[in-house]
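In: fold the following for me, if possible:
(chains A, B, C and D)
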2 protein chains.
Amino acid sequence: MATPSNTTPTADETIHGRGFRMTDQRRAVYDVLMGERDHPTAVEVFTRVRSKVPTISLATVYNCLDTLTGCGLVKTVAHEREPARYCPNLEDHAHFFCEACGAVTDLPLRSRKKPEDVWEFPGDFAISHHEVSFSGTCPKCSAKAAKTNKR
Amino acid sequence: MATPSNTTPTADETIHGRGFRMTDQRRAVYDVLMGERDHPTAVEVFTRVRSKVPTISLATVYNCLDTLTGCGLVKTVAHEREPARYCPNLEDHAHFFCEACGAVTDLPLRSRKKPEDVWEFPGDFAISHHEVSFSGTCPKCSAKAAKTNKR
DNA sequence: AATCTTAATTGGAATAATTCTTGATAAGCG
DNA sequence: CGCTTATCAAGAATTATTCCAATTAAGATT
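Out: Numbers count the residues shown, from 1 in each chain, chains lettered A, B, ... in the order given. Got it, this is the predicted structure:
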């Protein structure tokens, strides 16, 4: 009677369900992402994971990130030509990239709203996925700028 | 009395206004983009431009695309880890990427709609830019798939 | 518990898009 | 017509990511 079906499956279960093994490396990469809940690049994940699994290689970090995203446990975030970032937030959301400090903020979808309501689809498009990114100045940096301008 | 102010400025005027020169190369790159109105990569622009300006180099194509986007005459389109694409459509719009045929379709913003209506901004964000991309199956490929499944 | 099979990991080499560098060319001004 | 400076061309350099081949480790099987 392990794993009651009315519970969201654990990462282990999800990975096993796809026929993969939950290795130390995969768990470490997953834990790093769940731990900070920011949007690190592969190299940032690599340096964080090294403190737990010092022998892990960058190639393995890329592999782990691939399998984790393949299993739907992690999302990739692409922004302009920058290196890919990884996001543990599985809710439907957009991203805000601050041009001043580089911070990435999750923007939740408003309830009852759909991106399809905003753009026109000329024909029978089957949407499987969407990615939305805003850029500009985040609240912290806006506040700083306002202060500086006042003096 | 050149350039009446009640007319949208030409590409030449815009470029000169920014202190740049309208060279053969820049015009050729611009014409290529305006001519086909699709979403070519830098290399695709390069091969198309070569038929007009056979001595142009890829580096120059990149330079021209940079100045054109800097002047707001062309937009760049980033999608996942793929090479950047360039878009001559200056209207506010999103993009649909067909996973089957690779086609990129412009999706116009519905009138009176704003992307900010769909996502929640937790604080005082100053939006300077947004990029929205959908992926899935385009009408043509959906139709083909339906046909194939029926037989 | 030892063995077997296959997936996963490593480290380095390879790739691909883009940027940088340096010397040559060409615009536009005086 | 010459000067100054932007632009261009060609190739080298960079950077993120993927590939490859050899080793290691999981977990099933005996």
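In: those helices in chain A, which residues are they?
Out: A:11-17, A:24-36, A:42-50, A:58-70, A:139-150 (DSSP state H).
In: now render the ones you listed as a markdown table, adding mean neighbour count and distance to DNA strand D.
Out: All C-beta atoms are positioned from the backbone trio N, CA, C, and that covers glycine. Shown next, in a markdown table, are the helices of chain A (neighbours: other Cβ atoms under 10 Å in any protein chain shown; distance: least, Cβ to the nearest atom of the strand, whole Å):
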| stretch | mean neighbour count | distance to DNA strand D |
| --- | --- | --- |
| helix A:11-17 | 15 | 8 |
| helix A:24-36 | 18 | 6 |
| helix A:42-50 | 18 | 4 |
| helix A:58-70 | 17 | 4 |
| helix A:139-150 | 12 | 22 |
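In: looking at the ones you listed, which is nearest to residue B:122?
Out: Residue B:122 lies closest to helix A:139-150 among the helices of chain A, at 8.2 Å (Cβ to Cβ).
In: does the closest one come close to chain B?
Out: Yes. Using Cβ under 8 Å from any Cβ of the partner chain, helix A:139-150 comes into contact with chain B via A:139, A:142-143.
In: redo the helices of chain A as TSV? Include mean pLDDT.
Out: Listed next are the helices of chain A as TSV, based on pLDDT from 0 to 100:
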stretch	mean pLDDT
helix A:11-17	92
helix A:24-36	96
helix A:42-50	96
helix A:58-70	97
helix A:139-150	83
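In: okay if I get those as a markdown table plus distance to DNA strand C?
Out: Shown next, in a markdown table, are the helices of chain A (distance: least, Cβ to the nearest atom of the strand, whole Å):
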| stretch | distance to DNA strand C |
| --- | --- |
| helix A:11-17 | 8 |
| helix A:24-36 | 3 |
| helix A:42-50 | 9 |
| helix A:58-70 | 3 |
| helix A:139-150 | 23 |
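In: I appreciate the help and will end here.
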